[in-house]
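Peer 1: coordinates only, sequence not included:
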């Protein structure tokens, strides 16, 4: 018999003995008068004399976290909501049956206690038990008190034990909840309304990504799990909802890494009669507001870096490449990006200066024609690769990067004076992208042309290219006002606010390989 099965049988026998004492094995409820947190908040100030005089009676419940026996009396600790309270158990006060119940308890069991508050000789607030109610048996032992649950994979698979064994994990997810509440409250104060859009969609869209596919049996149609709610939210703007948002679960059928999980949480919002610069200003207020409400500070520690969330820098994408280029002698100039051939030459220059790194794809405008690597890549896509390689890891302090190539932004409005570039920005904190936003393209004819560009890219093998959505084009044809939209990665924001190195640390149940499979999850974007 395995150790786990042996422990199960031992506890099953204890449960039989508890039932024989007259206690139901799994009662339906317990009418408590106070939570442990409420007792600490409201009743903990009483002195020894005040508590002795008042003898405030309470009924509390929770999980048994410690048992300390002393003959005909003993102590146990009850845990509830992340807080503990000591209980004094004396045979003469609770009777023979209840004291035998106390002796049959295991760590992890659930118990109801009725009694009065007092202070021990050491001054610790405690309950003098007058009645015990058995509520549930833990048939398997909890992780050891001091060693806890340390194995990272086991922590993710058995998050219920992780929450019990590691108090800091509970704090992480309380922060996560407060972050979402703060973001919601920030938009509510600014006149936005919260909506819900479909998670299963006949056509995926709103971002460049590979979708998950499913099938609806009753309708006999294939559907996609959404990769973003964007196109539905903008349909609502067409319908007259000028400020809308959704805190949504989205799905992308891509690799897994410390910053990527196939299922993730986003906040997306849209504001009519605005452009991307309006949302830059809003972002610089919304992020520190959320931090202040969630963790009580606007300066955070992320890894070895201290980050001030109230101080944002702004660079265009082209300015950032020039600014963060590591070698002064070869640093490109802004005018180098005005001509396709010169821009391609900048990428060639990077490849030549950094042969130890992965070679970046070069569009066909390059001096070598880009024949060896990625000869079909667009110039815009190539410049995005260059930006991510040169700049991204260096953007530790809050930084807005604006103006992106049109080839990688099929839903954004072009700049009036540079049609090859769009009014789009991303914000980076801690070396990672945390949000994406742009002035929305509201010209239905131009939107069709962009979709057709994406269709051509798909035919060339780009599995992330955006499909042509005829209904969305029809919606735009009824007229959409000038609008700006933004998507914030909630999981990454929580990573920053809790100093978490991996996205799995801030998702309660991250996707993992089945336990029978060996090896770690594939990394990638």
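Peer 2: On my side now, so go ahead. For clarity, every value in this text was computed on a predicted model and none was experimentally measured. Residues are numbered from 1 along each chain as shown.

Peer 1: For the chain, give me the ranges with low pLDDT.
Peer 2: Across the chain, the ranges flagged by pLDDT under 70 are 1, 144-150, 206, 365-375, 516-525.

Peer 1: Most remote residue from the middle of it, which is it?
Peer 2: What lies farthest from the middle of the chain is residue 92; by CA atoms, centre = their mean that is 51.4 Å.

Peer 1: Could you report the distance from that residue to residue 18?
Peer 2: To residue 18, residue 92 is 21 Å away according to CB to CB, to the nearest Å. Where C-beta positions appear, they are placed from N, C-alpha and C, glycine not excepted.

Peer 1: Buried residues in the helix or strand encompassing residue 281, which are they?
Peer 2: Assigned by DSSP states H and E, residue 281 falls within helix 276-295. Buried residues in helix 276-295, counted by 16 or more other CB atoms under 10 Å: 276, 279-280, 282-284, 286-291, 294-295.

Peer 1: next one: stretch 388-403
Peer 2: Applying a neighbour-count criterion of 16+ other CB under 10 Å, one finds 389-392, 395-403 buried in stretch 388-403.

Peer 1: Quick one: residues in contact with stretch 274-285.
Peer 2: 186, 190, 271, 312, 314, 398, 400, 402, 413, 423-425, 427, 435, 437-439, 482-486 (CB atoms under 8 Å, 6 or more residues apart in numbering).

Peer 1: mind redoing it with 7 Å?
Peer 2: The contact list for stretch 274-285 (CB atoms under 7 Å, 6 or more residues apart in numbering) reads 271, 312, 400, 402, 423-425, 427, 435, 437-439, 482-484, 486.

Peer 1: So which of the residues you listed is the closest to residue 382?
Peer 2: Nearest to residue 382 among the contacts of stretch 274-285: residue 424, at 17.0 Å, using CB to CB.

Peer 1: was I right about that closest one contacting residue 411?
Peer 2: No. Residue 424 is beyond contact range of residue 411, at 9.1 Å (criterion: CB atoms under 7 Å).

Peer 1: mind listing the strands for the stretch 351-500 of the chain?
Peer 2: 399-405, 414-415, 418-429, 432-439, 483-489 (DSSP state E, counting those that start in this stretch).

Peer 1: Within the sheet, what are the partner strands of the first one, with directions?
Peer 2: Here strand 399-405 has these sheet partners by DSSP bridges: strand 313-316 (parallel), strand 418-429 (antiparallel).

Peer 1: what angle sits between the longest one and helix 276-295?
Peer 2: Read it as strand 418-429. Orientation check (axes from the mean of the first three to the mean of the last three CA atoms, to 10 degrees): strand 418-429 against helix 276-295 gives 10 degrees.

Peer 1: Please point out which parts of strand 418-429 sit buried.
Peer 2: Across strand 418-429, burial judged by 16+ other CB under 10 Å covers 421, 422, 423, 424, 425, 426, 427, 428, 429.

Peer 1: The shortest one too?
Peer 2: By neighbour count, and taking 16+ other CB under 10 Å as the criterion, the buried residues in strand 313-316 are 314, 315, 316.

Peer 1: Return the closest of the contacts of stretch 274-285 with respect to residue 162.
Peer 2: When those are compared for distance to residue 162 (CB to CB), residue 435 comes out closest, at 28.5 Å.

Peer 1: list the contacts for that closest one?
Peer 2: So residue 435 contacts 283, 426, 427, 486, 487, 488, 489 (CB under 7 Å, 6+ apart).

Peer 1: now it: how far from residue 286?
Peer 2: Look at residue 435 and residue 286: by CB to CB, they are 9 Å apart.

Peer 1: same check, this time on residue 98
Peer 2: On the measure of CB to CB, residue 98 and residue 286 end up 54 Å apart.

Peer 1: what about residue 513, is that helix, strand or coil?
Peer 2: Under DSSP: H, G, I helix; E, B strand; the rest coil, residue 513 falls in the coil class.

Peer 1: what's the burial count for it?
Peer 2: Residue 513: 13 surrounding residues under other CB atoms under 10 Å.

Peer 1: Repeat that for residue 53.
Peer 2: Neighbour count of residue 53, defined by other CB under 10 Å: 10.

Peer 1: what about it, which helix or strand?
Peer 2: Secondary-structure assignment from DSSP H and E places residue 53 in helix 48-54.

Peer 1: what sits up against that helix?
Peer 2: By CB under 7 Å, 6+ apart, the residues outside helix 48-54 that reach it are 117, 118, 119.

Peer 1: what's the answer for stretch 119-136, then?
Peer 2: Against stretch 119-136 from outside (CB under 7 Å, 6+ apart): 18, 23, 26-27, 30, 44, 48, 51, 58, 60-61, 85-89, 93-94, 98, 101-102, 109-118.

Peer 1: What residues of that stretch count as buried?
Peer 2: 119, 125, 126, 127, 128, 129, 132, 133, 134, 135.

Peer 1: and which of these is nearest to residue 175?
Peer 2: Nearest to residue 175 among the buried residues of stretch 119-136: residue 125, at 27.4 Å, using CB to CB.

Peer 1: beta partners of the closest one?
Peer 2: Beta-bridge partners recorded for residue 125 (DSSP bridges): residue 119.

Peer 1: Would you mind measuring from it to residue 252?
Peer 2: Counting by CB to CB, the gap from residue 125 to residue 252 is 50 Å.

Peer 1: likewise residue 319?
Peer 2: Taken as CB to CB, the span from residue 319 to residue 252 is 29 Å.

Peer 1: thinking again about what came up before, which of the contacts of residue 435 sit farthest apart?
Peer 2: It's 283 and 489 that sit farthest apart of the contacts of residue 435, by CB to CB, at 12.7 Å.

Peer 1: Span of stretch 46-66 from start to end?
Peer 2: End-to-end span of stretch 46-66 (CA to CA, to the nearest Å): 24 Å.

Peer 1: And stretch 332-343, by the same measure?
Peer 2: Stretch 332-343 has an end-to-end distance of 9 Å (CA to CA).

Peer 1: And stretch 476-486, by the same measure?
Peer 2: Terminal residues of stretch 476-486 lie 18 Å apart, using CA to CA.

Peer 1: pull the longest strand from the protein.
Peer 2: In the chain, with assignment by DSSP state E, the single longest strand is strand 57-70.

Peer 1: roughly how far is it from the heart of the chain?
Peer 2: 34 Å (CA atoms, centre = their mean, to the nearest Å).

Peer 1: ok, back up a step: take the buried residues of helix 276-295 and write them to TSV, including distance to residue 175.
Peer 2: Formatted as TSV, the buried residues of helix 276-295 follow (distance: CB to CB, whole Å):
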residue	distance to residue 175
276	29
279	25
280	26
282	22
283	20
284	21
286	17
287	14
288	15
289	15
290	10
291	10
294	5
295	6
